[in-house]
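*Asks:* Next one to model:
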Amino acid sequence: MSAESTEHALSEDIMESQDASANGESTGTDVPKGSSASRLEEEGDVAADYLEELLDIADIDGDIDIEVRNGRTYISIVTEEESDALDNLVGEDGEVLEALQELTRLSVLSATDNRSRLVLDINGYRQERTGHLQKIAEDAAASVRENGEPVALEPMSAYERKIVHDAVADLGLVSESEGEGAGRHIVVSAD
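*Replies:* Residues are numbered from 1 along each chain as shown. Okay, the predicted model is just below:
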């Protein structure tokens, strides 16, 4: 199925769901329509449908898990056995994963008219990367405490910068984002 027909099928499903709601029929989600939890659940469902269709087109096996926490939808694609195909969807330094996350967000926007801040993870890459980012923050904090000099970190995505900012704050230091675009990075300092 092409991307256009997938989008069309998703649009039809959503329109049918909206028609059912307008006629007083249950759509399977009996949470009040305007609630944040309902919006995030809908976001997760649309994203999961989009990703499932993508996996089917690419003939890649994987299970999709949806979780809503801290005001965000988290989508994970996992498999029980090692999968080079899923690793390819992560790409070098998570570049393909970032692109898929943006495409998934666009799919949600197209279907719901709401911007999404969903987070996509494949094969635990983001979880592993979070541990690595925590270590980077700890090393930078140790260097600042030892030398008293600010430490500039490597450029990273907004999501990764948020993780580092939070880790640095937990360590009692200050961090700021500097630079623009792909060169945006964090500087850790004592004040």
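*Asks:* Going by C-alpha atoms from here, please, whenever you check contacts or count neighbours.
*Replies:* Noted.
*Asks:* Averaged pLDDT, the host helix or strand of Val68. What do you get?
*Replies:* Val68 is part of strand 63-69 when elements are defined by DSSP states H and E. Strand 63-69 shows a mean pLDDT of 94 in the predicted model.
*Asks:* buried stuff in it?
*Replies:* Residues of strand 63-69 classed as buried by neighbour count (16 or more other CA atoms under 10 Å): 64, 66.
*Asks:* residues near Ser149, how many?
*Replies:* In this structure residue 149 is Glu, not Ser. Residues within reach of Glu149, counting by other CA atoms under 10 Å, total 12.
*Asks:* Show the contacting residues for it.
*Replies:* Applying CA atoms under 8 Å, 6 or more residues apart in numbering, one finds that Glu149 lies in contact with 143, 189-190.
*Asks:* Is Leu120 located within a helix, as I assumed?
*Replies:* No: applying DSSP: H, G, I helix; E, B strand; the rest coil, one finds Leu120 to be strand, outside a helix.
*Asks:* residues contacting it?
*Replies:* By CA under 8 Å, 6+ apart, Leu120 lies in contact with 74-77, 97, 100-101.
*Asks:* confidence score at the nearest residue to Ile60 once chain neighbours are set aside?
*Replies:* The shortest distance from Ile60 to any residue that is not its chain neighbour, by CA to CA, 6 or more residues apart in numbering, is 6.5 Å, and that residue is Ala85. Note on Ala85: pLDDT of 87.
*Asks:* wait, is Ala85 part of a helix?
*Replies:* Yes: assignment of Ala85 by three-state DSSP places it within a helix.
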